[in-house]
Each structure stands twice: as structure tokens, then as C-alpha cells.
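# Show me the folded form of this:
(2 chains)
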There are 2 protein chains.
Amino acid sequence: MTDTPYLRIDVECLDRNIAAVAHRADELGLTVRPHAKTHKCAAIARRQLDAGAAGLTVATIGEAEAFADALGPAAPDLFIAYPLWLTDHKSARLRALADRARMRLAIDSVAGARQLADRLGDADVEVVVEVDSGQHRTGVAPDDAGELARQATDLGLQVIGVFTFPGHGYGPGDARREAAGDEAQALTRAAERLQDNGIDPVVRSGGSTPTIGFASSGVLTEIRPGVYPFNDAQQLELGSCTADDIALTAIATVVHRSGTRIVTDAGSKILGADRPAWTSGFGRLRHAPDARVTSLSEHHAVIEFPADSPTDAIPDVGSTVAMVPNHVCTAVNLVDELVVSDSGTAWPVVARGANS
Amino acid sequence: MTDTPYLRIDVECLDRNIAAVAHRADELGLTVRPHAKTHKCAAIARRQLDAGAAGLTVATIGEAEAFADALGPAAPDLFIAYPLWLTDHKSARLRALADRARMRLAIDSVAGARQLADRLGDADVEVVVEVDSGQHRTGVAPDDAGELARQATDLGLQVIGVFTFPGHGYGPGDARREAAGDEAQALTRAAERLQDNGIDPVVRSGGSTPTIGFASSGVLTEIRPGVYPFNDAQQLELGSCTADDIALTAIATVVHRSGTRIVTDAGSKILGADRPAWTSGFGRLRHAPDARVTSLSEHHAVIEFPADSPTDAIPDVGSTVAMVPNHVCTAVNLVDELVVSDSGTAWPVVARGANS
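As a prediction, this is how the structure comes out:
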């Protein structure tokens, strides 16, 4: 018996979620390159690759190293979907990676491209241009993608296409649909600008878990969803999944009860503190859809049940409950292993904390 | 050279912060029992003990184990300031701890006290009653503390006092002062109720970093601040510290710049995602007090400078900047080590992830 709190995976549900996205991508004729930052777990990456994923997306050099180590000779294509700034040390790490896995890197500035060309120009890596489709984080404006791609090519880089992350799809109402539309438009435009500059945009990569349902096959060649193997309270509230699709929960013990309020031992140090303004709380209870996590400390989740709840609907002190984190990617990064169903085994989170 | 992003400690500032609270407590005649969940680091615990701390506060059995292991025979009093629900396995772990360190435990329900008495009654542990002074998380109402203490005593437990956490002092305006007042009132009342029941409230423990400045010596015997060795953006915005008192920063690289917006590689997986409604953003830049972290992804901090900023005030792509997390306790828990000033050494975060 593992002591609470811990993160638990329902493997049947996990496999169902992986199969569903593989099927959806197949229907649309899209490649899946799952973002492995979500699970940081070799056992889950293997399941995604077995279901047909073309490779993995990661966010950092450290994540790429962890997956290359864990998957060994089976290591697939690794795409670091981030505009890295290459120092000497980071370049040396990337060069070592390129010797054992096929690497795809990202640029979103001439300065970054020059850094890459200077330090890694002779290594066999592919490069894609990041495009801002409306999240306004990193990436160039779609119309600037061609000029950047041309300059990068002149510097000797092997530019094979464009990518974007429609992160503004994380929002209520029509945000998902609109972000998917923005994504298609931005990638279309950026791809045209590459063509204008004589560069073939073979890769047109987009996608996120909330926008998969609205992905258009005419424009994209590849999607990079992260959260979909697990889902979480955010996806539930966005409407991207149902309660039956939640494959990861934090198993917690009720340590306090006063009226319709209970407190569990799963706080922000295992659930993560993510709480966008459009969410209804800091997470959910798996089996009490009307309860809300109204506040979260490091080791306390304060949960309110509706005022008219019958007394026996409110878990007593000492009970075990399953909580659904708001954002599963930050929850997983807080633990060393994920407990697998009730098998007594656990999968190591091999890329936990791999921030650099 | 450590690759960015990483957490860096300014040791001179750290020592100054530890000395300041030791001095303040001394003036008030209060014992300091620092909450070690903030740093999870043996090297910092030793510095606090050297400065006169009477013992350490921790939040979980796992943290107590980590500090007992790391400090060895020098392990001080350990107070787990949390109403634990004791299963067989957790009881066995606590019993092993009680054999090598002086342990203080917490109760806030008769059920919890019974669990403790049944499973650990013959071990030599001290018990304190948690009181709710206004945060409405765990703890009993002050007037109920006497009855719970009496029942616990009848069960054979050794009750030595009361404690509270005035967490509602984390707020703008007069919140700190008011929470300190609530704390004093709640502990006074709870202590009286213990006396009414023939139990001497030797320990009257409170305190948090924001309320130290308002702590009253007449009532409290002990304070348990956590954040003060480092401070963070929350304390800065609450007015509990100045920019010169920030001892921990996330060293990050600027990876993108568009006009007055920059993006660094330190996201929520190293800064933590804490963002209470009263804060002005997701953290701060150490040397740009007017800039704000307007959004945070896992590996991106989006930072806006004022619209009228001169161009050379905005760090260029490739620059290194020092960021101040909103809540240092969750930031530290995301890394395996803290880089110490520019010494090239690092202190391990021995209790990282010790949630249970």
C-alpha cells in the first residue's frame, strides 16, 4: 500500500486515450508526435510509439536526453519544440544527442538561427520555424517565417517547415475552435512564405489536446498533443474530454471535515498550483462532480461540497479520495514515479525536473 | 557554468535573513522553529539551528525522515505541523522516527487523536492541538481546543499546547496585521480552554513570514516562519521584505524578444505556478522592478516591460536574467539542488517531493 498522496494511472483508460488520438489522426491523415513533457515517462512514450506515433516532442535538451537514455536504440525522432539559445555547453549536449537520435530543432529569430548554425551547423539536425498563431508567446508572425527560413538556409541550416502551438485554445466558449482556425491560417500563410523563398514546407506541425477535435487535415501534416493520454480537470472544463477519460488521479486522504468542507493531504506540491481564471477551482474530485477545490496550500486541498449535500455524500476523515489535477503536466513533474492501477508497480518519471 | 534555468542562492543575503528573524524573535522572547518545507535543504536547516532555532517544523513524515537522515545525530526536535491520518504504514514510519529524534505531532479531531493513540500511544511523542485562527483550512475552533485536548489526554496522549497558522495574512492591505491579531486571539482563547480542562498550554505556536512583524510576545511562545531565509515576489508585494532581501532567484535565459515583451526559459516547472489574485503577476525580474510576468507556461515566462521603456532597458535574446518566484516553497520543490552564489557548488534539496 503506497502512502497518500500519490499519483495513480488507470492503464486501461490511458491506452484507450492513446488509441483514440491515433485513430483520429489516422482519419485526418496526420502524423502524431506526442509531447512527452506531459508524462516524462518511457513506458508511456513506448505505448504512444506502438500506437503509431512518428516520434516524440520534448521541451528541453534534458527531456531529450532522458528519453534517448530510457528508450536506447529504440529512441525515435526527437523534436525539441522550443527556440533554444545555444551556449557552448548546451551545444555540446545537443551534438551528443544528434549522434544517437534524429533531432529536430526550432528557431524563431535570426540571432537564434545564427547561434545554432555557428555551433551546430555541421551536425545532422533538421530545423523548423516557430510561428505565433495567436498565443503571443514565442514564434514569428506568419508573414515573417519565409524571411527567417531563408536567412537560416543561407546560414547552412536545413529548414524543413513550420510549427505553432495554439495555446490560446485553452479558454472557455469558442476558444478551442477559434484557436484551431488561427492555427490553420497561420501555418498556411507561413508555409506560403517559405515557398515564396524557395523552401519546401514539408512539415506543418500544430495541435494541442484542446484543438485536436477541430484540426484541419488540409493544412497540418502533424499534431503534437501532450495531455491526451491522461486528461485533467482543465480538459474536462474545456469540454475536450469526459470524466470517463481521466486516466491520472492523485490519491489523497481526507484529514479534516467541517460541515460541507473537507481537506485532503494532496496540495499544490502534488497537484500543481495551476489555476487559470476560467477554471472553477484548483482541480476536481473524481467521484463528486459538484464538489470544488476552493483553495490549495502545499499539503492541503480545501474542498467544498454543495450546501444541500446529504451528510453521507461527504467523505469522512480517514477516507481515501481520487483527485483530478487541473494541469496534469505540472502534477507529473512533482513525483518520481506514477503508481500503475492497482498492480503494485510504478513507472519512473524519467524526465522529472529536466528543465534545461 | 550551469545551464539555465536553475535556482541560485545568494548566501550572504540568506544569512542576513536568518539572522534578522533570530534577532527579532530574541527581542520578543520567542522560540524560532523554522518551517523547513520552504528550503527542504540540510545546509540551510543547519544555518537556522546555528542561529538559535529550537528545532524544525515540517509538513510530512517524509520531510521529517529526510531531515533526520541528513542531519544525523544532530537531528533536532521535529514538529510535523499537520493533522496526520495514521495508517499502519505511516505509524511504523513515525515510530522509527521517534526512536531517533524528538517528535511533536498535531491533532485536530477526536478521530485523528484516537488513531494516533491506538497506533502510537506508547511512543514518546508530544502532541499539540491545531487551532483555526481564520484561514479556515484545518484546525478546530479555539473554543473547542480544550475539549479535544482533554479527550486526547484521556486517550493517553501527552498534550503540551496549541498551534495555528495565520495563512489569511497572505493578502493585500491590512491582512498581515489583522491575521496576526486573529492569531493572538485564537491562541489565547484556545490556551484558556486547555487550562479549563486542567492541561498546561506550555506551547503556543504561531507565526508565518508575513505576520512576524506583528507577532505579539505576550501570547505566543514560538514562531514557525518558512519563507524568510529566501523571501519571494509574494513577500515583496505584501511588504514583508524589500528587493534587497531576496536570496533566491531563478537564473533564466531570454529566448525571445518582440518590442517590450521578452520570453525567458524559466516557466512554471521551475518558478511554480502560484498566482494569488492579489499578486501583480507570476513573479518578478530581480533588476527590473517595473516589468511584470504576465503569463507563464511550463518553459516560458512572458514578461512585459512598460510601454515607454528605452530599448536598451529591455534584455536582448541570449541575455541572462534573475527572476523572483512568486512562492519560493513550490519553486524549490521543483529542483534537485540549489546553486550556491557563484561558488560552483550546490546544496541538495534533500526533501524534494517528500509529499507523504
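
# Only C-alpha atoms from now on, for both contacts and neighbour counts.
Will do.

# so A:V32 touches A:L220, yeah?
No: if you go by Cα atoms under 8 Å, A:V32 and A:L220 don't touch, sitting 10.9 Å apart.

# And the two? Which one has more around it.
Regarding A:V32 and A:L220, a neighbour count based on other Cα atoms under 10 Å in any protein chain shown identifies A:V32 as having more, with 28 against 23.

# helix/strand/coil for A:D290?
coil (DSSP: H, G, I helix; E, B strand; the rest coil).

# Next: the one 5 residues further on.
Using three-state DSSP as the criterion, the local structure at A:S295 reads strand.

# Could you pull up the contacting residues of it?
Shown in contact with A:S295 (Cα atoms under 8 Å, 6 or more residues apart in numbering or on different chains): A:G281, A:F282, A:A301, A:V302, A:I303.

# who's it bridged to?
A:V302 (DSSP bridges).

# ok, how many other residues are close to A:C241?
Quick note: A:C241 (other Cα under 10 Å) scores 19 neighbours.

# cool, and A:P172?
Count around A:P172 with other Cα under 10 Å applied: 13.

# Tell me who's in contact with it.
A:L238, A:W278.

# Now do it against A:S240, distance only.
11 Å (Cα to Cα, to the nearest Å).

# On the three-state scheme, the closest residue to A:A354 other than its chain neighbours is what?
Setting aside the residues directly before and after it, A:A354 is nearest to A:G62 in space (Cα to Cα, 6 or more residues apart in numbering or on different chains), at 4.9 Å. When classified by three-state DSSP, A:G62 comes out as helix.

# OK, contacts around A:G62?
A:A351, A:A354, A:N355, A:S356.

# what's around the last one, how many residues?
Residues near A:S356, counting by other Cα under 10 Å, number 20.

# ok, now how distant is it from B:M323?
Distance, A:S356 to B:M323, by Cα to Cα: 16 Å.

# quick revisit: which pLDDT value goes with the residue nearest to A:A354?
Per-residue confidence at A:G62 stands at 98 (pLDDT).

# just A:P73 next, same as before
For A:P73, pLDDT reads 79.

# For it, give its distance to A:E63.
From A:P73 over to A:E63 the distance is 16 Å, taken as Cα to Cα.

# With A:R119 instead?
20 Å.

# Looks to me like A:T57 is in a strand.
Yes: using three-state DSSP, the secondary structure at A:T57 is a strand.

# Give me the neighbour count for it.
That count, for A:T57 with other Cα under 10 Å as the rule, works out to 25.

# I'd say it and A:L78 touch.
Yes: applying Cα under 8 Å, one finds A:T57 in contact with A:L78, separated by 5.8 Å.

# can you give me the helices in the stretch 1-150 of chain A?
A:11-28, A:42-50, A:61-71, A:88-98, A:110-120, A:145-154 (DSSP state H, counting those that start in this stretch).

# Out of these, which is closest to A:R177?
Among those, the nearest to A:R177 by Cα to Cα is helix A:11-28 (16.4 Å).

# May I see the buried residues of that closest one?
A:V11, A:C13, A:L14, A:D15, A:N17, A:I18, A:A19, A:V21, A:A22, A:A25 (16 or more other Cα atoms under 10 Å in any protein chain shown).

# Check stretch A:207-216 too.
A:G207, A:S208, A:T209, A:P210, A:T211, A:I212, A:G213, A:A215, A:S216.

# What confidence value was assigned to the second one?
Residue-level confidence at A:S208 comes out at 92, pLDDT.

# ok, now which ones touch A:P325?
A:D232, A:A233, A:T249, A:A250, A:L271, A:G272, A:F282, A:G283, A:R284, A:A331.

# A:P73 and A:E63: which has the busier surroundings?
A:E63 (24 against 10).

# Isn't the more buried one up against A:K37?
Yes: if you go by Cα under 8 Å, A:E63 and A:K37 touch, sitting 7.4 Å apart.

# which neighbours do these two share?
Joint contacts of A:E63 and A:K37 (Cα under 8 Å, 6+ apart) are A:A351.

# residues in the stretch 1-150 of chain A within reach of chain B, list them.
A:3-6, A:59, A:83-85, A:89-90, A:108-109, A:111-112, A:137-138 (Cα under 8 Å from any Cα of the partner chain).

# Please name every helix or strand in contact with the longest strand seen in chain A.
Assignment by DSSP state E gives strand A:248-258 as the longest strand of chain A. The contact analysis (3 or more Cα pairs under 8 Å, 6 or more residues apart in numbering or on different chains; DSSP states H and E) places strand A:248-258 against strand A:6-9, strand A:261-264, strand A:320-325.
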